[in-house]
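Engineer: Turn this into a model:
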Amino acid sequence: MPGNFLHLGLIHLMLPNASIIHCRRAAMDICYSCFSLLFSEGQSFTYDLIELGLYYRQYDRLMRHWHAMLPGRILDVRYEDVVADLEGSARRFVAHCGLPWDDRCLDFHATERAVRTASLTQVRQPIYASSIGRWRRYERHLGPLIEALGPLASN
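Structural biologist: Residues are numbered from 1 along each chain as shown. Here you go, the predicted model:
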């Protein structure tokens with residue numbers, strides 16, 4: 001969920017040995033994705049482009065803080081790298097968590113467990129690349145977001 005980063009300190013206190021995997025994605029892609037979804041609750045910052053951009057900047061700032069406070073505990077993974085190399089990325093996740101490899105990690109979309117996230121439809125299909133750069137189709141409408149993100153808009 002977009003707000004999970006707010007709870008990293010508490011998560012670390014409750015589960016001090018927990019491994020944390022932080023999936024990063026190009027700022028414009030993630031912000032556009034959030035803006036295009038209708039969340040059921042708690043994500044009201046996603047409905048205004050300026051507020052969304054400013055929120056993302058604070059998220060980036062807080063994640064830099066968590067990295068400084070929890071050195072080595074957080075594994076940063078770029079979404080684009082996962083799309084390009086699912087197995088290599090999945091092996092990194094599993095190794096970071098200190099778990100044995102299981103080939104079923106590559107067949108995540110075949111699971112039948114309940115999914116309660118905004119990405120419900122995506123989890124039921126294999127990894128795909130069509131969402132990378134998707135925001136560019138709407139760039140002429142996203143000026144307020146680009147401005148609010150500042151230098152982060154280009155990462």
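Engineer: what are the ranges of the strands in the protein?
Structural biologist: Applying DSSP state E to the chain gives strands spanning 20-24, 74-78.
Engineer: Output the ones you listed as TSV; include the columns mean pLDDT, mean neighbour count and distance to L52.
Structural biologist: Placement of C-beta: from N, CA and C, glycine included. Shown next, in TSV, are the strands of the chain (pLDDT from 0 to 100; neighbours: other CB atoms under 10 Å; distance: least, CB to CB, whole Å):
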stretch	mean pLDDT	mean neighbour count	distance to L52
strand 20-24	93	15	17
strand 74-78	95	15	20
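Engineer: now these in a markdown table, with distance to M63?
Structural biologist: Shown next, in a markdown table, are the strands of the chain (distance: least, CB to CB, whole Å):
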| stretch | distance to M63 |
| --- | --- |
| strand 20-24 | 7 |
| strand 74-78 | 8 |
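Engineer: low-confidence ranges in the protein?
Structural biologist: Along the chain, the parts satisfying pLDDT under 70 run over 1-2, 38, 40-42, 117-121.
Engineer: what residue lies at the spatial centre of it?
Structural biologist: C23 (4.3 Å; CA atoms, centre = their mean).
Engineer: Surely it is in contact with D81?
Structural biologist: No - C23 is beyond contact range of D81, at 9.8 Å (criterion: CB atoms under 8 Å).
Engineer: most residues in a single helix of this structure, which one?
Structural biologist: helix 49-69 (DSSP state H).
Engineer: Please name the residues that touch G143.
Structural biologist: Contacts for G143 were tallied using CB atoms under 8 Å, 6 or more residues apart in numbering; there are none.
Engineer: Roughly how far does it sit from V83?
Structural biologist: 27 Å (CB to CB, to the nearest Å).
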